[in-house]
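Asker: Predicted coordinates and the sequence they were generated for:
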Amino acid sequence: MAKTIHIDPVTRIEGHARILLECNDAGAVEEAFFIVNELRGFERILVGMEAHTMPQVTARICGVCPTAHHLVSAKALDNAAGVEPPLAGRLLRELMYMGHMIHSHALSLFVLAGPDLVFGLGGAAATQNIVGMVDKNPELSKKGLRLRSLGQKINEVVGGRGIHPVTALAGGIAFRLSDAQFERLKELTAEAVTLVHELVPVTKELLLKLLDDNPYLLERLNLPSWYLGTVNGGKLNVYDGILRAMDDEGRVRAEFGSADYASYLVERAVKRSYAKEVYLNVDGGEHLYRVSTLARMNVVDGMETPLAQKEFEEFRNRFGRPCHNAILQMYCKLVELVYCCEKAGEIMADPELRGPSRVVANINGKRGIAHIEAPRGVLIHDYQIGEDGIIRAANMIIATQQNTAAINRSLKEGAVDLLADSADEKVLNGLEFVVRCYDPCLACSTHAVGRMELEVDITRGGKMVRSIRRA
């Protein structure tokens, strides 16, 4: 008899969601759904606001990725005004963004996914958190948290605030670096480069051990799909470039600028979730695709910085191109963490950094579209602006909604082996782990530390036959 399994809420992700598994009479999973419980409505809220305030307003959409929204909004206004920020303005924006990426990737690797690396998937719920991780591996925890803090401080010095930055605006950046700010940033970036060099080998060892201990992860989470990511001269650049679409056999099928996104991306509302699904529309067909770190590692031809290039080559030699396994998002994140630290150091060494940082930008009566690589994947802002400078319409395509269809597919594959195991805690940890591989961000910035409530209900014919709860 058919049955339904609910996991509600999913923990150690950014936001709140639940999992629904629908099984047939034989107990096999027929459908899996990652369901976002929150209705946001930001695109409607922005209508009627002054366009020049968008970088500050949209940064409030998320407490975890505010800098991504802040900067892509400023870029969209640049395009609406038809201006290009001076080189120092661009460098300062990139430096702010490197700080944000370091903060976000370190948070994801060492706080949200860190317990999986340190304890494995069968760890007790009471220790499967950052507190337990500090007890088990204090050195890794200390360095990981320090790196996160360095990224946030870089973001704060350039962005004016650690969370919800305020300095990017149409035409560039609102200030020029003082001598004190420059010296402070030199210290922060130098320490970040040193620290990431120390963290890479130990983190990579833990990740590879996790794969060895759980071989089904590489087998079941190997989901062929298309990929979308940003390239600049073929190399990774998370701030700017063109969008490259790659098919499931590794062939580049399209390259386009963000202004043409509507010709290639199809948004579709679904019944069970407030998050729309998005598909790539290429050559007359709609294709399931993924964004985020794995997508970026697949679509790029190389990295801009030396140690990141070395780690990138090792990853590609080990796992091939395209690599379809969702769990390897963590490995890709480690490569990008190296890149962002190195890139921040390179920007600090650029003498143009201290030059003029802003040009005049008039943004009345235009349409502004731009994209950026948010930590979790491609982020697009699209504004229609009236001649009075007021927002008439807005559209945003968020990374997690582009991955939703793939998350559902991976949950279905991952649940097959997990449900065969009767250990309740392993079912809960395993399915949550599958979701965390995609590092979804559902626009919430605060989480409790320690045990969180988790519930799995199994029904047959509408009647409860099994219930698993973590209180």
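Answerer: That came through fine.

Asker: looking at this structure, which helix or strand is least sure?
Answerer: The weakest-scoring helix or strand in the chain, judged by mean pLDDT, DSSP states H and E, is strand 454-460 (a mean of 51).

Asker: Where does pLDDT dip in this structure?
Answerer: 1-17, 36-40, 122-123, 125-126, 220, 272-275, 416-426, 428, 441-471 (pLDDT under 70).

Asker: change it to 50
Answerer: Within the chain, the stretches with pLDDT under 50 are 12, 444-454, 456, 471.

Asker: Next, name the residue at the spatial heart of it.
Answerer: residue 376 (1.2 Å; Cα atoms, centre = their mean).

Asker: need the helices for the stretch 301-450 of the chain, in chain order.
Answerer: 306-319, 329-348, 399-420, 424-437 (DSSP state H, counting those that start in this stretch).

Asker: I meant to write the stretch 151-300 of the chain there.
Answerer: 179-213, 215-220, 261-264, 293-299.

Asker: what sits up against the third one?
Answerer: With contacts defined as Cβ atoms under 8 Å, 6 or more residues apart in numbering, helix 261-264 is touched by 243, 245, 254, 256, 280, 281, 282, 369, 371, 380, 382, 397. Quick note: C-beta positions are derived from backbone N, CA and C, even for glycine.

Asker: re earlier: the residue nearest to the centre of the chain - nearest residue in space that isn't next to it in sequence?
Answerer: Nearest residue to residue 376 in three dimensions, chain neighbours excluded: residue 399, at 4.0 Å (Cβ to Cβ, 6 or more residues apart in numbering).

Asker: show me the contacts for the one you found.
Answerer: 291, 292, 374, 376, 377, 378, 379, 441.

Asker: Show me which of the residues you listed is closest to residue 77.
Answerer: residue 379 (15.1 Å; Cβ to Cβ).

Asker: so that closest one sits right up against residue 70, yeah?
Answerer: No: between residue 379 and residue 70 there is no contact under Cβ atoms under 8 Å: 10.9 Å.

Asker: So the two - more neighbours on which side?
Answerer: Ranked by neighbour count (other Cβ atoms under 10 Å), residue 379 and residue 70 place residue 70 first, with 32 against 25.

Asker: separation between the more buried one and residue 369?
Answerer: The gap separating residue 70 from residue 369 is 16 Å, by Cβ to Cβ, to the nearest Å.

Asker: okay, the helices of the stretch 301-450 of the chain, which one's buried deepest?
Answerer: Comparing these by mean neighbour count (mean count of other Cβ atoms under 10 Å), helix 329-348 ranks first with a mean of 25.

Asker: the inter-axis angle of it versus helix 306-319?
Answerer: Relative orientation of helix 329-348 versus helix 306-319 (axes from the mean of the first three to the mean of the last three Cα atoms, to 10 degrees): 160 degrees.

Asker: Against which helices or strands is helix 329-348 packed?
Answerer: For helix 329-348, the packing partners by 3 or more Cβ pairs under 8 Å, 6 or more residues apart in numbering; DSSP states H and E come out as helix 87-107, helix 138-159, helix 179-213, helix 293-299, helix 306-319.

Asker: Could you export those as JSON lines, including distance to residue 165?
Answerer: Conversion of the helices and strands packed on helix 329-348 to JSON lines gives the following (distance: least, Cβ to Cβ, whole Å):
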{"stretch": "helix 87-107", "distance to residue 165": "6"}
{"stretch": "helix 138-159", "distance to residue 165": "3"}
{"stretch": "helix 179-213", "distance to residue 165": "14"}
{"stretch": "helix 293-299", "distance to residue 165": "22"}
{"stretch": "helix 306-319", "distance to residue 165": "24"}
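
Asker: Quick one: closest of these to residue 80.
Answerer: That would be helix 87-107 among the helices and strands packed on helix 329-348, by Cβ to Cβ, at 16.3 Å.

Asker: got the contacts of residue 399 as CSV, with distance to residue 261 columns?
Answerer: Output for those, formatted as CSV (distance: Cβ to Cβ, whole Å):
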residue, distance to residue 261
291, 12
292, 17
374, 15
376, 17
377, 13
378, 9
379, 11
441, 20
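
Asker: Please identify which pair of the residues you listed lies farthest apart.
Answerer: Largest pairwise distance in these, by Cβ to Cβ, is 13.0 Å, between 378 and 441.

Asker: Verify the contact between residue 211 and residue 221 for me.
Answerer: No: look at residue 211 against residue 221 with Cβ under 8 Å: they stay out of range, at 10.3 Å.

Asker: neighbour count winner among the two?
Answerer: residue 221 (22 against 15).

Asker: Next up, the contacts around the more buried one.
Answerer: 325, 326, 327, 410, 413, 414, 434, 437.

Asker: OK, contacts around the nearest residue to it once chain neighbours are set aside?
Answerer: Of all residues not flanking residue 221 in the chain, residue 326 sits nearest, at 4.6 Å (Cβ to Cβ, 6+ apart). By Cβ under 8 Å, 6+ apart, the contact set of residue 326 is 221, 223, 294, 406, 410, 434, 437, 438.
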